[in-house]
Every structure is written in C-alpha cells, then in structure tokens.
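Colleague: give the three-dimensional model of this entry:
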Amino acid sequence: MARLLHLNGPPGIGKSTIARRYADEHPGVLNCDVDVLRSLIGGWTEDFAGAGALIRPAAVAMIRAYLASGHDVVFPQMLLDPAEVTRFEDCAVDAGAQFIERWLMDEPDAAATRFYRRGQDEPQNPWHTQVQDIVAANGGRHALAGYHSDLKQLLTQRPTAVVVDSIDGEIEATYQLLLTSLD
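Modeller: Okay, the predicted model is just below:
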C-alpha cells in the first residue's frame, strides 16, 4: 500500500532536509515540498500566502495521482489548521493509501534559535527569506512560540501522529529516529 508521509513541525526544524534525505534513499518516492512548488507561482514573493493557497490544490492533485499509481510521497509542510491536515489525510485515503504523520519537534526556544540559523549550513532556498520576513512581521520569536503552541495543541487532536525528536545539528540522528518510528 502506498503511503503519504506528512512531516509536520515548526519552521526551520528540518522537515525539508529530512524529506530530501528520505526521498534520496527511497527511489520512486515523491518529495512534494509545497514551499518549492509555491516558488513556481508568478508573484509568490509579493504574496507568499496567496501563492500557497493557489498551489495547495495542485499539490493535493499531484499527491493523489502519485499515491494512486502505487508510489509513496513525503510531504514536508507545517500545517496548523486541522482542516488542512484532514484535507491531505483524505487525499491519501481517497487514493487508497495510508496517511502517516510524523512531527519533527524540539523545545520552543531551541526551535526558534534553529529557525534563525536556517540557511547558514546550506545554500539559501528562495523561500527562507520570505518566511523570515513573515515571521518578523508577525512578531518574530513570539510568532514562532505561537506556531509551536498551535502545533502542540493540534497534536492533541491527532491520535496517530508520532513525535520525532529533531536533534539540533544532528541530521543523521534525526533521520534515523524517523526511520525507526516508521518500522
């Protein structure tokens, strides 16, 4: 049975990095990174949220088609809205696939520090600057603490979700914890 592996968690926690690693080591797995897809929409830098709203239905259609063909998808995306999580879960179920939730988490202060360090260890992705600007406009560290709190609250509503400790600076260890959680 095909699987949709949703990696949820706060910004900068390592979702995209772990998703790339997972896809690289699992031939045929689609890494459906909405932030990458968002950057393909004209004007996305001026309307980051609007481009996200435009690309999400396309991502759902792509994921559904890929799962229906019998192949797995990894989906690294912070989702705070229960309806959005359900939207992707329903997509998997409609395609006859399994929906698996793994939440990459760290303590709120550590996650915020990691967010501000993001992009220093690897080439800057085009959306990092946009997300940093959005976070700054919404209150900086206070906004990041809010995302973390919202994620913790949502987690209480997701009984099959499994938290994976995202270890700062330890991509390999975090990746191994993810793999272990999937066994």
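
Colleague: quick one: low-confidence parts of this protein?
Modeller: Counting by pLDDT under 70, the chain contains low-confidence ranges at 119-127.

Colleague: pull out the buried positions in the lengthiest strand in the chain.
Modeller: What stands out as the longest strand in the chain, according to DSSP state E, is strand 98-105. Neighbour counts over strand 98-105 (16 or more other CB atoms under 10 Å) mark 99-105 as buried. (C-beta placed from N, C-alpha, C; glycine too.)

Colleague: now the helix or strand just after it: buried residues?
Modeller: Downstream of strand 98-105, the first helix or strand assigned by DSSP states H and E is helix 108-117. Within helix 108-117, the residues that qualify as buried are 108, 111-115, counting by 16+ other CB under 10 Å.

Colleague: and for stretch 28-37?
Modeller: 29-35, 37.

Colleague: and which of those residues is nearest H128?
Modeller: Within the buried residues of stretch 28-37, distances to H128 taken as CB to CB reach their minimum at D35, with 9.0 Å.

Colleague: now do that closest one against A97, distance only.
Modeller: 22 Å (CB to CB, to the nearest Å).

Colleague: which elements pack onto the longest strand of the chain?
Modeller: strand 3-8, helix 82-94, helix 141-155, strand 162-165, helix 171-182 (3 or more CB pairs under 8 Å, 6 or more residues apart in numbering; DSSP states H and E).

Colleague: spatially nearest residue to R117 (excluding sequence neighbours)?
Modeller: G12 (7.5 Å; CB to CB, 6 or more residues apart in numbering).

Colleague: the one you found reaches A111, doesn't it?
Modeller: Yes. Applying CB atoms under 8 Å as the test, G12 and A111 come out as touching, 6.9 Å apart.

Colleague: ok, W44 - contacts?
Modeller: Going by CB atoms under 8 Å, 6 or more residues apart in numbering, W44 touches 38, 51, 130.

Colleague: got JSON lines for those, with secondary structure, distance to M78 and neighbour count too?
Modeller: As requested, the contacts of W44 are arranged in JSON lines below (DSSP: H, G, I helix; E, B strand; the rest coil; distance: CB to CB, whole Å; neighbours: other CB atoms under 10 Å):
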{"residue": "R38", "secondary structure": "helix", "distance to M78": "13", "neighbour count": "23"}
{"residue": "A51", "secondary structure": "helix", "distance to M78": "16", "neighbour count": "23"}
{"residue": "Q130", "secondary structure": "helix", "distance to M78": "14", "neighbour count": "19"}
